[in-house]
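>>> Give me a 3D structure for the following:
(one chain, ligands or ions: 1)
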Amino acid sequence: MKILILNGPNLNLLGTREPEIYGHTTLADIEARCMALGAELGAEITCRQSNAEHALVEEIQQARGAFDAIIINAAAYTHTSVAIHDALKASGLRIMEVHLSNIHAREAFRHHSHISPIAEGVICGLGVMGYEAAIRALTA
Ligand code: CA2
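Here you go, the predicted model:
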């Protein structure tokens, strides 16, 4: 099982600002925890982050044939990007959507996701554990 973990815009700032919403964990910490869990469960984990919508679309296009599944936290693009929706759908891969915060308990503009309709599972509000739960579900 090869899993691509894709993180979107501003998630590179994790642990440095707004800890009341996103906690003190950095993106490097999240990626290290996912890699460790992947090793434990026999899954090969690759992590990528980009602030650019087109770069995320490229990563998704290149994932076809190279990975079995994508765990994606598209951050703000979750709520806006038809391009990422289309790329994920076209990939034919298993898709898990993750958010650190509970997007439904926040502003109304975060309540809609373009990714949820094509995701196998949607996890939000569990912080880093959400990524770990997605890895466990994909390797179950
Ligand atoms: O809860 C999540 O994981 C989100 O995907 C995070 C996005 C937000 O736009 C989504 O609605 C929910 C924002 C990521 C920005 O992360 C920051 C981290 C530290 C400081 C500033 C932003």
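
>>> Near the ligand, which residues of this protein? Just list them.
Selection of the chain residues close to the ligand by C-beta under 6 Å from any ligand atom yields 10-11, 13-14, 17-18, 22, 73, 75-76, 78, 99-101, 103, 110. Every residue, glycine included, has its C-beta placed from N, CA and C.

>>> Pick out the residue nearest the middle of the protein.
With distances taken as C-alpha atoms, centre = their mean, I72 lies nearest the centre of the chain, 2.2 Å away.

>>> Quickly find the element holding that residue.
Under the criterion of DSSP states H and E, I72 resides in strand 69-73.

>>> List the buried residues of the next helix or strand after that strand.
Per DSSP H and E, strand 69-73 leads on to helix 82-91 as the next helix or strand towards the C-terminus. For helix 82-91, the neighbour count (16 or more other C-beta atoms under 10 Å) marks I84, H85, A87, L88, S91 as buried.
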